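**Q** could you work out the structure for the sequence below:
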Amino acid sequence: MAKIKVKQIRSIIDRPVDQKLTIKALGLGRPNWEIVHNDTPQIRGMIRKVTHLVEVKEIKD
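**A** Down below sits the predicted model:
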């Protein structure tokens, strides 16, 4: 299964509660934190919701 690296690039201060909860669900919480997830439609949907706060890179196997 393909993997993606998600990096938080902006703070969640002064963001709506749903965006804060989405960042937490992705396993992030502070700028410059990175986490690797499987590339699933559910993860892509969460990323789409906070696309202005994160940076996404695809990892080659």
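
**Q** Val50 versus the nearest residue to Lys20 once chain neighbours are set aside, what's the distance?
**A** The spatial neighbour of Lys20 that comes closest, neighbours along the chain excluded (C-beta to C-beta, 6 or more residues apart in numbering), is Ile12 at 4.9 Å. The C-beta positions use only the backbone N, C-alpha and C, and glycine is treated the same way. Distance, Ile12 to Val50, by C-beta to C-beta, to the nearest Å: 9 Å.

**Q** coming back round to it: helix/strand/coil for the residue nearest to Lys20?
**A** Under DSSP: H, G, I helix; E, B strand; the rest coil, Ile12 falls in the coil class.

**Q** gap between it and Thr40?
**A** 23 Å.

**Q** okay, these two: which has more neighbours?
**A** Ile12 (20 against 12; other C-beta atoms under 10 Å).

**Q** now Arg10: closest residue in space that isn't a chain neighbour?
**A** Nearest to Arg10 is Leu53, by C-beta to C-beta, 6+ apart, at 4.6 Å.

**Q** ranges for the strands of the protein?
**A** 3-8, 34-38, 54-59 (DSSP state E).

**Q** contacts for stretch 32-52?
**A** 1-10, 18-19, 22-23, 25-28, 54, 56, 58-59 (C-beta atoms under 8 Å, 6 or more residues apart in numbering).

**Q** any of those buried? List them.
**A** Neighbour counting over the contacts of stretch 32-52 (16 or more other C-beta atoms under 10 Å) leaves Ile4, Val6, Gln8, Thr22, Ile23, Leu26, Leu28, Val54 as the buried ones.

**Q** can you redo those residues as a markdown table with distance to Gly45 and pLDDT?
**A** Converted to a markdown table, those look like this (distance: C-beta to C-beta, whole Å; pLDDT from 0 to 100):
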| residue | distance to Gly45 | pLDDT |
| --- | --- | --- |
| Ile4 | 13 | 97 |
| Val6 | 13 | 98 |
| Gln8 | 17 | 98 |
| Thr22 | 9 | 98 |
| Ile23 | 14 | 98 |
| Leu26 | 11 | 98 |
| Leu28 | 15 | 97 |
| Val54 | 13 | 98 |
